[in-house]
Structure formats: structure tokens, C-alpha cells
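Engineer: Please find the sequence and the predicted model below.
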Amino acid sequence: MQNTNPHKRQDLLAWLSTLLTLGTGALFFVRTGSPLNRGLYLAKMLATALSPLVALLGITRMLRGMGSGRRAPQIAGGASGALALLYTWRVLTQHTGFERAFGPHWRDKIPPAQAARTRRARWLWYLPQGISPAPKPRWTRDVIYWKLPLPESNTVRPLLCDIWQPPAGVKPSGLALIYCHGGSWRYLNKDIGTRPIFRYLAAQGHVVMDIAYRLWPETDLYGMVGDVKRAIVWLKANARQFGVDPARIVVSGGSAGGHLALLTAYTPHHPALTPADLCDADTTVRAVVSFYGAVDMAATYKNVPGNPEIGLLLGGSPDEVPDMYALASPIEHVGPECPPTLLIQGTHDWYMPLEATRAMYRKLLDAGVPVVYAEFPQTDHAFDLVLPRYAPAARAARRDLDHFLALMLAD
């Protein structure tokens, strides 16, 4: 018995390893949308982020199985490796969004100085700037960009931001990116999972203003949009200090922040969405970038049954306050005057409805707005915040953002 137990344990471990390998490969095709799938959300995010490594391990498992004569490890390893490779290839496949938005020779429109900083590939296997950190930027934390008076307490409420500037020796591009964090309009803060991308953008010569806007229940939708517009006004007023061209400010965000960025960019003069203290200020922007932001609030509410955050934010359901949902939906404000737009979303996004984003893209095209839509197959919500230095989808999205911002420097 003492001689057989080790063999049994080895067989058990081999089968467990085989099942784990198969399960990892299956994660690439799990589409979230039920409580069970959401429970697998983190596992799927890690698997997709590390898909090249998963492919390598799967192939290694297959080869080891061939050497031992075991069929199960061969099949499990081969299947897992193939699924991971398929995911990686689909994510990295070049799309034609830039050609459609800016013409077949869009690369020629990028200023030469910026083109030299911008890589052509969406992802490189040797990761020259993925594993090796970009040059250290100048980073100033908790800068006050506005002081809101609080009459009831005779005090002020400061609005804070972090400023990322190009490293010493890197010439400023003249472009600035205002970033609005995600968190369902209710949670989180600035500087959550975004340091790798901000470090990279600063190395490209851009300035990043990472803002902390007020959340519910401290304020409502009007207050949030107002805070983003205050950030725009402040940055324009202080543009020279940071080497920024006031005409080249881009507003961006992820998830709820992407929604606020779109709504802000599309309503610079909207009387209901512009605070009284900014009625004479210039809140226009050069462009807008949305990472999986809500574009149709009614569709987003229905996509997550009983969505508490949106219901609280807007004061009820779409049936109860339809006008509020229309006002809060960027898709309802699309018109020829909208600035160039970059939309980024995964097809497996469980929170933001895919069809709504596709409808937004079509409406922008019909309005004649230069718009690039980057859709990543089998990719979930907030994909760019999990191991962004290595994740193929995150790095491909960064390439698209890099190209888009470089085009915003064109005359």
C-alpha cells in the first residue's frame, strides 16, 4: 500500500492539473452576465491578461503529456494553449477604425516628432516598454483645481487632481489628457490602477490631469459633469504653466468616468449641464476618449437588473424619469459639432451593453464625427486595469489611444 499511494496521489494531481488547464482555457469564452459568471470575473481577467503565458504553459503541458504518453494532458494542454493563442490573436488583430475616421494615409497626419515616439504595432512580443518602466515622470499629487463654496458651513470644498508631466528631457507634446476615474458614479477615487498608462503617456510628452470629482450622494449628475468642466476651465487657465496648448485638451475616462467624459465633451454649452459659474467659460475640448463608458443610460440600467447606482444617480428607473435618462445619455447629444471620439470596449463587458456602444458608433458616423471604435473580442469590463503592462487587450488599447492622441496634435 505504501508503494501505491504515491502513484495514486500523482494520478490525482495529474487529473486536477488537467482539469485546471482545461478550465483556464474555457475562461476565455466565459461571458459574464450571471451571478456565477461574475464570480469568475477575476479569474477570467487574470487569464486574459496573461493569455500569452497561458498559451505557453498549455503548449508545455501538451508536450509533457506527449512525452509521458498520457492523452488527457495532451488534449487539455493543447486546447488551453490554442484557446489562449486564439484570444491573443483576435485581440491584436488590427482594425480599420483609423482609416475610416482619418483616411487611408492617417499616419502621415501625425507630426513627425510625435510619430517617432509612437510605435506602429498594437503589441510587441518582446515588450520593450512593457516590462521596462518608462522614464520617471514629474508627478504632483493633490493639486487643488477648484474650491466650491459651501454656504451652509461658510467653508469651501476643494476639488483635487494629480498632475503627470513629461520626464525631464522629454519635450512636451502640447497635449493634455483629463482623466475621470470609474466606480459606478459612487465609489473609488483618482489614482486607482492607472499609474502604468499615465507614466507611459507622460513619456510620450503628454500632460495628464487625473481628477477626483464629487460622487453620489455628495452630488448628483449635474455636479459631476460640472466638476469635469471645472477641470477643463482650470487646465486651460493654467495651460502655459504645464506646456499645454489650451486648444489640445482631451477629456477621457473609464466606465462611469468614460460616461462623464463623453457627456462633458458633447455638452459644452448645454444650459442644464453647465454650472452657473461657468456659463461664460470655454469648456470645449479637442477630443474625447471613453474606455467602456455608458453611452445610453436606459440600456445600461436594463443591462444590470435593478441597477442601484444609476437609479440613485438619476432619481428612479427609466420609466419613472425618462427625461433624466435622456439628458444623462451621451448618445442623445450626438451631433456634427461633437469632437473626435475614441470608443473602446470589450465584447464580453457585463456592465456596459455592447449594442448600445455600437449604436453610438453608428450615430457618430452618421453625424460625420471622426470616430474610432476599438472593440476587443472576449474581453471584459475594466480590462485595462489588470496587469496592463502585459495584457494584450490593455496594450492594444494603449496603442489605439497613443495613435488617437498623436492625431489630435495634427493641424
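Structural biologist: Cool, got the structure.
Engineer: Show me the shaky parts of the stretch 51-200 of the chain.
Structural biologist: Scanning the stretch 51-200 of the chain for pLDDT under 70 picks out 61, 65-73, 119-134.
Engineer: can you rerun that using 50?
Structural biologist: The stretch 51-200 of the chain contains residues with pLDDT under 50 at 125-132.
Engineer: Quick one: residues contacting Y213.
Structural biologist: Neighbouring residues of Y213 by Cβ atoms under 8 Å, 6 or more residues apart in numbering: 159, 180, 224, 227-228, 231, 260. Just so you know, the C-beta spots here come from the backbone N, C-alpha and C atoms, and that holds for glycine as well.
Engineer: how much space is there between it and D366?
Structural biologist: Taking Cβ to Cβ, to the nearest Å as the measure, Y213 falls 31 Å from D366.
Engineer: coming back round to it: so of the contacts of Y213, which ones are in helices?
Structural biologist: Secondary structure assignment by DSSP state H places 224, 227-228, 231, 260 of these in helices.
Engineer: Is V170 in contact with A203, as I believe?
Structural biologist: Yes. If you go by Cβ atoms under 8 Å, V170 and A203 touch, sitting 6.4 Å apart.
Engineer: Break the protein into its domains for me.
Structural biologist: Domain assignment for the chain by automatic domain parsing gives 4-92, 97-407.
Engineer: deepest of these, which one?
Structural biologist: Among these, domain 97-407 has the highest mean neighbour count (mean count of other Cβ atoms under 10 Å), at a mean of 19.
Engineer: For stretch 359-374, list the C-alpha coordinates in CSV.
Structural biologist: What follows is stretch 359-374, C-alpha atoms only, in CSV (Å, rounded to 0.1, in the frame of the first residue of the first chain):
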residue,chain,number,x,y,z
ALA,A,359,-25.3,52.2,-31.8
MET,A,360,-23.3,55.1,-30.5
TYR,A,361,-20.6,54.5,-33.0
ARG,A,362,-23.1,54.3,-35.9
LYS,A,363,-24.8,57.5,-34.8
LEU,A,364,-21.4,59.4,-34.7
LEU,A,365,-20.6,58.1,-38.1
ASP,A,366,-23.9,59.3,-39.5
ALA,A,367,-23.3,62.7,-37.9
GLY,A,368,-19.9,63.0,-39.7
VAL,A,369,-17.9,63.0,-36.4
PRO,A,370,-14.4,61.5,-36.7
VAL,A,371,-14.8,58.4,-34.5
VAL,A,372,-12.6,55.3,-33.9
TYR,A,373,-14.2,52.3,-32.4
ALA,A,374,-11.9,49.7,-30.9
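Engineer: quick one: the helices in the stretch 151-300 of the chain?
Structural biologist: For the stretch 151-300 of the chain, the helices defined by DSSP state H, counting those that start in this stretch cover 195-203, 221-237, 256-266, 297-303.
Engineer: Next, format the ones you listed as CSV and append distance to G23.
Structural biologist: Listed next are the helices of the stretch 151-300 of the chain as CSV, based on distance: least, Cβ to Cβ, whole Å:
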stretch, distance to G23
helix 195-203, 28
helix 221-237, 40
helix 256-266, 32
helix 297-303, 27
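Engineer: I'd like the contacts of Y213 written out as JSON lines, with distance to F404 added.
Structural biologist: Listed next are the contacts of Y213 as JSON lines, based on distance: Cβ to Cβ, whole Å:
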{"residue": "L159", "distance to F404": "27"}
{"residue": "C180", "distance to F404": "17"}
{"residue": "M224", "distance to F404": "24"}
{"residue": "D227", "distance to F404": "24"}
{"residue": "V228", "distance to F404": "19"}
{"residue": "A231", "distance to F404": "20"}
{"residue": "L260", "distance to F404": "19"}
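Engineer: just those residues now: which is nearest H105?
Structural biologist: Closest approach between these and H105, by Cβ to Cβ: C180, at 32.7 Å.
Engineer: my guess is the closest one meets S255, correct?
Structural biologist: No. Using Cβ under 8 Å, C180 is not in contact with S255, being 9.3 Å away.
Engineer: about what we covered before: quick check: neighbours shared by V170 and A203?
Structural biologist: P135.
Engineer: Quickly name whichever of the ones in helices among the contacts of Y213 is closest to Y145.
Structural biologist: A231 (5.6 Å).
Engineer: ok, the closest residue to that closest one other than its chain neighbours to H181 distance?
Structural biologist: The shortest distance from A231 to any non-neighbouring residue, by Cβ to Cβ, 6 or more residues apart in numbering, is to I211 (4.8 Å). Computed as Cβ to Cβ, the I211 to H181 distance reads 8 Å.
Engineer: hey, what's in contact with both of these two?
Structural biologist: Residues touching both I211 and H181 (Cβ under 8 Å, 6+ apart): K190.
Engineer: what does stretch 294-310 contact?
Structural biologist: With contact meaning Cβ under 8 Å, 6+ apart, stretch 294-310 is reached by 184-186, 216, 255-256, 258-259, 262, 311, 314, 317-318, 322, 325, 328-331, 343, 350-353, 355-357, 359-360.
Engineer: how does it look with 7 Å?
Structural biologist: Contacts with stretch 294-310, where a contact means Cβ atoms under 7 Å, 6 or more residues apart in numbering, come from 184-186, 259, 262, 311, 314, 317-318, 325, 328-331, 351-353, 356-357, 360.
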